[in-house]
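Asker: Task: produce atomic coordinates for the following.
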Amino acid sequence: MSLQIGEKLNPQDFSVLICDDEESIRSMLGEAVGNWGFQVSTAPNGEAALEYLQAGNLPHIILTDIRMGGITGIELAAEAKKLSKEIEVVIMTSHGTFETAVQAMRIGVFDYISKPFDNIEDVRTTLVHVAERIYLKFYSEYLMTELQQKNAEIAALAEMTEELNRTLDPIETLQIGAQGISKALGGAPTVFVQYLPIKKSLVFTSRSPKELFGGTQVRFPLPENALVSPQASLEYIESLGEQSDFLTVLEQSWSLNPEHLQVGEVTDSGRAPNWKVFPLITRGIPRGAFAFLPREWNAEDSPPTLNRYLQTISTGFENGLLHAKVVQSAIKDGLTGLFNVKYFKERFQTELQAAARLEHPLSLFFIDVDHFKKYNDTNGHPAGDQVLRMMADLMRKNFRGTDVLARYGGEEFVVLLPHTGFVDALEKAEAFRIVVEKCPFPNAHTQPLGKVSCSIGVAEFPSHGATKEAVIKAADEALYEGKKKSRNVVVPAVAAEGYVPQFSSRSVPTRSFAGSSEPKKP
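Answerer: Below you'll find the predicted structure:
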């Protein structure tokens, strides 16, 4: 039995089985019911009707005589209800008794129609009432199923939202989003393809399950036509689901899955189902796209559901970016992009504790741009700001990623070098001084030395102090000595009189530093 849920009751949606051992009544009813628009089948007796039902032909309505040779209408109704409680039965009788009425009601017979018929329209009215009852029952079940699905979706979306609210990390947000979409689509394999403009590529990052694509970060280089402008990149990512080259990479990468992830991923046609791709765009900026392989996809209901998830993920992602920006503004210097002095001192204390625990050295540079006030007075403050930004760039290029670079204030900078002993630190400082001296700063010829240069004071834990304050003071005093002398020099710090280091200082080779004491080229 099948029934279409629509706005208007349609008799064509309902099938009626007419069972009567009187051929004339059976023929007359069959013609009339068919003319009213119902689908009609007939049976000459109860046995034939039961055989028809047991063969899998289940009508919506059975219209049967109560008295027939062999199986009676009541017995047929009982057997029909065993096969499906959804079948409605209408009894036709001219010999109804109280007992048969009670028996019929217990079985679930819908109504009685008296024979002979005074008005054939009474039969039509009864069938319409039965059809309305069936329709309302089906429609109620449909609404209940719809409600349950909506409630399940709301609960799943609320669960994902709660997880997103517990993090302000954009990367973790995307991973939670991939898991949420996968769950919403019945466990569909899902991956977030992140747009990385610096690499001119899309990279397969967050995914659910995590073994998807063998756990590898597949890289998809963007075609040249998608890189000519930000708008071109946006339009390309918006149309990823229609880009055959990208879809080919998805299919090829799918073969990297562990074998158990591919079970059940083939349709009745024997072909792999189509990937669905939905871009993630926030504030007009393409972030990438979610690609997933749904086991079921309803073209009408699935996209709105997915868009609700994407809106929630977008909000979480933007919140993460905003939080990161706030954090960066709290610890970074606005002009140079280096760490500020507050963060530097907090980090210095952390690194000092680690160095003391491991008995590793920790060196510190105090760097000052020589005659910076003179440069500002001669060339103006905007030009001076440009010099400070260039100094910060030189520091980023010539120190390790593990070193802590900060603007200490004005034209002063500091560098914290973990695992670096005093001798190696002096060599590194001298190499950086030369880099600065050779850098073609604008209007350098206006400086007293004929160039923009710097002076550097170098101190080290434990050689020059056991505390943060002591090491900073030693490096600052060394810098002051350099400024009193010729400038454009590296000056080693001197420990306070009577100070005894906790342990002997020597550099600790690390992967990012060992074997390369030469600075990077600016």
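Asker: so where's the protein shaky on pLDDT?
Answerer: Low-confidence regions of the chain, defined here as pLDDT under 70, cover residues 1-8, 95-104, 259-273, 508-522.
Asker: Mind naming the longest helix for it?
Answerer: Determined from DSSP state H, the single longest helix within the chain is helix 120-165.
Asker: quick one, strands of the stretch 351-500 of the chain?
Answerer: According to DSSP state E, counting those that start in this stretch, the stretch 351-500 of the chain carries its strands in the segments 362-369, 404-409, 412-418, 454-461, 490-492.
Asker: wait, which of those is closest to N165?
Answerer: Between N165 and the strands of the stretch 351-500 of the chain, the shortest gap by Cβ to Cβ is with strand 404-409, which sits at 32.1 Å. C-beta coordinates here come from the backbone N, C-alpha and C atoms, glycine included.
Asker: could you give the angle of that closest one to strand 412-418?
Answerer: If you take axes from the mean of the first three to the mean of the last three Cα atoms, to 10 degrees, strand 404-409 sits at 160 degrees to strand 412-418.
Asker: circling back to that earlier point, can you put the strands of the stretch 351-500 of the chain in a markdown table and add mean neighbour count?
Answerer: Putting the strands of the stretch 351-500 of the chain into a markdown table (neighbours: other Cβ atoms under 10 Å) gives the following:
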| stretch | mean neighbour count |
| --- | --- |
| strand 362-369 | 26 |
| strand 404-409 | 21 |
| strand 412-418 | 23 |
| strand 454-461 | 28 |
| strand 490-492 | 23 |
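Asker: do you know which of the ones you listed lies nearest I313?
Answerer: strand 404-409 (34.0 Å).
Asker: Roughly how far does the residue nearest the centre of the chain sit from P258?
Answerer: When the chain is reduced to its mean C-alpha position, the closest residue under Cα atoms, centre = their mean turns out to be G177, at 2.7 Å. Separation of G177 from P258 (Cβ to Cβ, to the nearest Å) stands at 23 Å.
Asker: Please tell me how far P294 sits from L256.
Answerer: Taking Cβ to Cβ as the measure, P294 falls 20 Å from L256.
Asker: What of R207?
Answerer: With distances defined as Cβ to Cβ, the gap from R207 to L256 amounts to 11 Å.
Asker: what is in contact with these two at once?
Answerer: Taking Cβ atoms under 8 Å, 6 or more residues apart in numbering as the contact rule, R207 and L256 both touch F213.
Asker: Compare neighbour counts for the two and give me the winner.
Answerer: Looking at R207 and L256 with other Cβ atoms under 10 Å, you find the greater number of neighbours at R207, namely 24 against 14.
Asker: is it true that the more buried one touches T216?
Answerer: No: distance between R207 and T216: 10.1 Å, which falls outside the contact criterion (Cβ atoms under 8 Å).
Asker: Would you mind listing the buried residues in stretch 467-484?
Answerer: By neighbour count, and taking 16 or more other Cβ atoms under 10 Å as the criterion, the buried residues in stretch 467-484 are 468, 470-479, 481-482.
Asker: I'd like those laid out as TSV, including distance to V16.
Answerer: As requested, the buried residues of stretch 467-484 are arranged in TSV below (distance: Cβ to Cβ, whole Å):
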residue	distance to V16
K468	92
A470	99
V471	96
I472	95
K473	100
A474	101
A475	98
D476	100
E477	104
A478	103
L479	101
E481	108
G482	105
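Asker: Among those residues, which ones are in helices?
Answerer: Here DSSP H is the test, and those give 468, 470-479, 481-482 as lying in helices.
Asker: Backbone dihedrals for S255, please?
Answerer: Recorded main-chain torsions at S255 are phi -70, psi -10, according to degrees, to the nearest 10.
Asker: and it, how many residues sit next to it?
Answerer: 9.
Asker: what do you get for V228?
Answerer: 9.
Asker: For K200, see how far away it is.
Answerer: Here the criterion is Cβ to Cβ. By it, V228 lies 11 Å from K200.
Asker: Distance across stretch 331-351, terminal residue to terminal residue?
Answerer: Using Cα to Cα, to the nearest Å, the span of stretch 331-351 from its first residue to its last is 17 Å.
Asker: what do you get for stretch 217-234?
Answerer: 22 Å.
Asker: Can you pull out the residues in contact with it?
Answerer: For stretch 217-234, contacts defined as Cβ under 8 Å, 6+ apart pick out 193, 195, 197, 199-205, 235-237, 245-246, 249, 253, 256, 281, 284-286.
Asker: change it to 6 Å
Answerer: Defining contact as Cβ atoms under 6 Å, 6 or more residues apart in numbering, one finds that stretch 217-234 is touched by K200, S201, L202, V203, F204, Y236, V249, S253, P286.
Asker: And what about the third one, helix, strand or coil?
Answerer: Spelled out, that is L202. At L202 the chain is in strand, as set by DSSP: H, G, I helix; E, B strand; the rest coil.
Asker: elements contacting the helix or strand just after the longest helix of the chain?
Answerer: Once the chain leaves helix 120-165, the next helix or strand it forms, by DSSP states H and E, is helix 170-184. Counting contacts by 3 or more Cβ pairs under 6 Å, 6 or more residues apart in numbering; DSSP states H and E, helix 170-184 packs against helix 120-165, strand 190-196, strand 201-208, helix 302-331.
Asker: mind checking which of those is nearest H371?
Answerer: helix 302-331 (29.8 Å).
Asker: now that closest one, how far from the centre of its chain.
Answerer: 10 Å (Cα atoms, centre = their mean, to the nearest Å).
Asker: Could you do stretch 196-206 as well?
Answerer: Distance of stretch 196-206 from the chain centroid (Cα atoms, centre = their mean) equals 15 Å.
Asker: Which residues belonging to that stretch are considered buried?
Answerer: In stretch 196-206, the ones that count as buried by 16+ other Cβ under 10 Å are L202, F204, T205, S206.
Asker: cool, and stretch 277-284?
Answerer: Of the residues in stretch 277-284, those buried by neighbour count under the rule 16+ other Cβ under 10 Å are V277, F278, P279, L280, I281.
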